[in-house]
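Colleague: sequence? don't have it. structure:
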């Protein structure tokens, strides 16, 4: 997984039907040499802009969703505690 | 997923039979440290050159297709709204 | 896999229910051109901060877990021997 | 997928038995920030050195092969038309 | 796949039980823009330090192993012929 900060919402009205109801957000990796890399993630645990989150990618990301048939490859799996100060 | 702009069409007459009927396009990642990275994506939701899209990769990409047997690893899953101004 | 050093703990109280009981740690890749790249890994073999570990990613990471339904994409699969001095 | 140019053959007499009969080639990514990155790909559609090809990777690459049990993670899925001039 | 040179052994006494009997080695990518990137690979075809090898990654790597349940994501699938001089 990677640590990332949610920095914005992404709106896409035209999309695959199976994606209806999912919230997409722009995330930016924090820390280390990938700092500043951006990815679009789906969120189903009510994270918000500014939150630091744990993002899982690939087939593992689909394990957060109700079905294995959703074409999503990056999902917020946890919100890092506000008082968690990692290096 | 990544945010990318569709910048051209890719034509390949000689290809796997299972790919017949798919449209391939050249996409360029926008924003963050991967800006300018290119990938070839399949599009089945009628996106066009110039559109900003959400691209899903890996096994999740195949979830956009009718069958799990297509050797495609990157697909447009949504078109970002024109008035969506993300950072 | 990659060689990485565990450098901190990651605490996330709000997370997917299926993740309860898993310990998350911040790992930093050591050696080669990816030196300094960070990832968040799950650990189930009692590794500790400072340990050099072998990290497996993607669907293979889930093979360390009791179930294939856990949305985790990076796991510690081994602790590198303290007297193992690789280049 | 990525656009790449086939630049050489790779010969490996000692290899997994399941790989017998597959042709391996060295490919170099063309265009964008990954220009010059190399990967080894399998080819089953008679591409040749100098050809520009579409390469699919990961589990999707295995969808080009007769069986899902072949340990190959990158395959040529199409040959880009010679008169296709993309940016 | 990637072309890499095996540069050292990796010893990990504490590891997942399913990994017992596997030999782990440090590999360094050769050629192209990823030159010098390191990864840890499993070897079951008796490759040795100094050998140039073909490394397969991800779920495809597990196709080299007796079982799909091994948490390994990178495996040597072939040893490049000593007289194979690629660019």
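Modeller: Received, thanks. Because the structure is a prediction, the values reported are computed rather than measured.
Colleague: Show me what residue A:75 bridges to in the sheet.
Modeller: Beta bridges link residue A:75 to residue A:42, residue A:56, judged by DSSP bridges.
Colleague: From residue C:58, how far out is it?
Modeller: Distance, residue A:75 to residue C:58, by CB to CB, to the nearest Å: 14 Å. Where you see a C-beta, it was placed from the backbone N, CA and C, and this is true even at glycine.
Colleague: Equivalent analysis for residue A:44, please.
Modeller: Applying CB to CB, the value for residue A:44 to residue C:58 is 21 Å.
Colleague: Hmm, residue A:62 and residue A:68 touching each other?
Modeller: Yes. Counting by CB atoms under 8 Å, residue A:68 touches residue A:62, with 5.4 Å between them.
Colleague: what about these two, which has more around it?
Modeller: residue A:62 (23 against 12; other CB atoms under 10 Å in any protein chain shown).
Colleague: re the thing from before, intersection of neighbour lists for residue A:68 and residue A:62?
Modeller: residue B:63 (CB atoms under 8 Å, 6 or more residues apart in numbering or on different chains).
Colleague: For chain A, which segments are assigned as helices?
Modeller: Taking DSSP state H as the test, the helices found in chain A are A:59-62.
Colleague: Now do the contacts for the closest residue to residue A:52 other than its chain neighbours.
Modeller: Nearest in space to residue A:52, with sequence neighbours left out and distances taken as CB to CB, 6 or more residues apart in numbering or on different chains, is residue A:80 at 4.3 Å. Going by CB under 8 Å, 6+ apart, residue A:80 touches A:3, A:51-54, C:10-12.
Colleague: quick one on the thing from earlier: neighbour count winner among residue A:75 and residue C:58?
Modeller: Between residue A:75 and residue C:58, counting by other CB under 10 Å, residue A:75 is the more crowded of the two (27 against 24).
Colleague: Now do the same for the lengthiest strand in chain A: mean pLDDT, whole number.
Modeller: Assignment by DSSP state E gives strand A:2-10 as the longest strand of chain A. Averaged over strand A:2-10, pLDDT sits at 98.
Colleague: contacting residues for the residue nearest to residue A:15 when sequence neighbours are not counted?
Modeller: Computed as CB to CB, 6+ apart, the closest residue to residue A:15 that is not its neighbour in sequence is residue B:78, at 3.2 Å. When contacts are counted by CB under 8 Å, 6+ apart, residue B:78 is found next to A:12, A:14-16, A:19, A:24, B:45, B:53-54.
Colleague: Output those as a markdown table; include the columns neighbour count.
Modeller: Output for these, formatted as a markdown table (neighbours: other CB atoms under 10 Å in any protein chain shown):
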| residue | neighbour count |
| --- | --- |
| A:12 | 21 |
| A:14 | 14 |
| A:15 | 20 |
| A:16 | 21 |
| A:19 | 18 |
| A:24 | 24 |
| B:45 | 17 |
| B:53 | 27 |
| B:54 | 23 |
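Colleague: In strands, which of those residues appear?
Modeller: Using DSSP E to define strands, the subset of the contacts of residue B:78 located there is A:14-15, A:24, B:53-54.
Colleague: for those residues, which one is nearest chain C?
Modeller: Nearest to chain C among those is residue A:24, at 17.0 Å by CB to the nearest CB.
Colleague: Report how many residues lie close to residue A:82.
Modeller: For residue A:82, the count of nearby residues is 10 (other CB under 10 Å).
Colleague: ok so, going back, in the contacts of residue B:78, which two residues are the furthest apart from each other?
Modeller: A:24 and B:45 (15.1 Å; CB to CB).
Colleague: Low-confidence regions, chain A specifically.
Modeller: Residues of chain A meeting the criterion pLDDT under 70: none.
Colleague: what about the residue of it found nearest chain E, how many neighbours?
Modeller: Per CB to the nearest CB, residue A:59 is where chain A lies closest to chain E, at 8.0 Å. The local packing of residue A:59 (other CB under 10 Å) involves 22 other residues.
Colleague: List the contacts of it.
Modeller: So residue A:59 contacts B:58-60, C:58-59 (CB under 8 Å, 6+ apart).
Colleague: redo that, cut-off 7 Å
Modeller: With contacts defined as CB atoms under 7 Å, 6 or more residues apart in numbering or on different chains, the neighbours of residue A:59 are B:58-60, C:59.
Colleague: Now do the same contact list for residue A:67.
Modeller: With contact set as CB under 7 Å, 6+ apart, residue A:67 has no partners.
Colleague: Please apply the same query to residue A:75.
Modeller: Residues near residue A:75 by CB under 7 Å, 6+ apart: A:41-42, A:56, A:61, A:64, C:71.
Colleague: Do I have it right that residue A:15 meets residue B:64?
Modeller: No. Counting by CB atoms under 7 Å, residue A:15 sits too far from residue B:64 to count as a contact (10.1 Å).
Colleague: which neighbours do those two share?
Modeller: By CB under 7 Å, 6+ apart, the residues touching both residue A:15 and residue B:64 are residue B:77.
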